[in-house]
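# With the sequence up front, the predicted model follows.
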Amino acid sequence: SQQGEEDPQALSIQEGENATMNCSYKTSINNLQWYRQNSGRGLVHLILIRSNEREKHSGRLRVTLDTSKKSSSLLITASRAADTASYFCATDALRGSTLGRLYFGRGTQLTVWP
Amino acid sequence: DTAVSQTPKYLVTQMGNDKSIKCEQNLGHDTMYWYKQDSKKFLKIMFSYNNKELIINETVPNRFSPKSPDKAHLNLHINSLELGDSAVYFCASSHGLRQVNTEAFFGQGTRLTVV
């Protein structure tokens, strides 16, 4: 399949700790995106990294991309209870019949305990 | 001033019924999508429209028919509802397909329960 796969499926940490989530994918990509979904809500875009970028920061978020390994990681530093949510990676295919599709993984459920 | 709004938020209906979900975006985007999220949170694209034209139609039963009266609206009509259609349906929009920055903006979802 072409969708991304997040790892781990679930992650439970204490406030103040860092949370790292990984994503692997199979096709050549235009860009890779991370989204967050709070329980019962829609997805919210967090950060986009292009295929020619290796690292990107946004506030407490740090995303890396390794196109040779077809993998990405999302690091949330100094986590807070409010960071509790599901986190999804999505790949934007580079070409062909899959152009225009965002392929999502099944997400990592992050729980941050106070 | 909601960017992507979809209605209703909850929909409970009996098998065999026909129902519609409406979606509107006020972001000026050219492309709109319907996604289905199952009970395991797997999110899969169903349809995509670009400037009112259907461009993506994944393997979805033809009981599902999207309609885009204009580029700000994309509605989803479902005929002869089945138990397996129960899921959360998300509408989303983004800039045109061939823009580099294709981040998508999602609606709040419609939780469809077929009984």
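Looks like it arrived, so ask away. Remember, predicted model here, so these are calculated numbers, not experimental data.

# which parts of chain A sit against chain B?
Within reach of chain B by CB under 8 Å from any CB of the partner chain, chain A has these residues: A:3, A:30-31, A:33, A:35, A:37, A:40-45, A:48, A:50, A:86, A:88, A:90, A:92, A:99-104, A:106-107. For the C-beta atoms, the positions are set from N, CA and C on the backbone; glycine is no exception.

# ok, residue B:5 - how many residues close by?
For residue B:5, the count of nearby residues is 15 (other CB atoms under 10 Å in any protein chain shown).

# Does anything pack onto the helix or strand in which it is found? Which helices or strands?
Secondary structure from DSSP states H and E places residue B:5 in strand B:4-7. Packed against strand B:4-7, as judged by 3 or more CB pairs under 8 Å, 6 or more residues apart in numbering or on different chains; DSSP states H and E, are the following elements: strand B:19-25, strand B:87-94.

# Okay, angle between the very next helix or strand once past the shortest one and strand B:19-25 too, please.
Once the chain leaves strand B:19-25, the next helix or strand it forms, by DSSP H and E, is strand B:31-37. Orientation of strand B:31-37 against strand B:19-25 (axes from the mean of the first three to the mean of the last three CA atoms, to 10 degrees) gives an angle of 130 degrees.

# Run through who's touching the strand holding residue B:5.
A:42, B:21-25, B:27, B:89-93, B:105-110 (CB atoms under 8 Å, 6 or more residues apart in numbering or on different chains).

# Now which of those would you call buried?
Among the contacts of strand B:4-7, those classed as buried by 16 or more other CB atoms under 10 Å in any protein chain shown are A:42, B:21-25, B:89-93, B:105-110.

# Tell me where the model's unsure across chain A.
Along chain A, the parts satisfying pLDDT under 70 run over A:1-3, A:94-100.

# Which strands or helices does the helix or strand of chain B with the lowest mean pLDDT pack on?
When each helix and strand of chain B is scored by mean pLDDT, DSSP states H and E, strand B:53-57 comes last, with a mean of 80. Using 3+ CB pairs under 8 Å, 6+ apart, the elements in contact with strand B:53-57 are strand B:43-50, strand B:64-70.

# To chain A, which of the helices and strands packed on strand B:4-7 lies closest?
Each of these has some distance to chain A by CB to the nearest CB; the shortest is strand B:87-94, at 6.0 Å.

# hmm, back to that, what lines up beside the strand holding residue B:5 in the sheet?
strand B:19-25 (antiparallel) (DSSP bridges).

# what is the rounded mean pLDDT of the partner strand?
For strand B:19-25, mean pLDDT is 97.

# the inter-axis angle of it versus strand B:87-94?
Using the same axes, to 10 degrees: strand B:19-25 against strand B:87-94 is 30 degrees.
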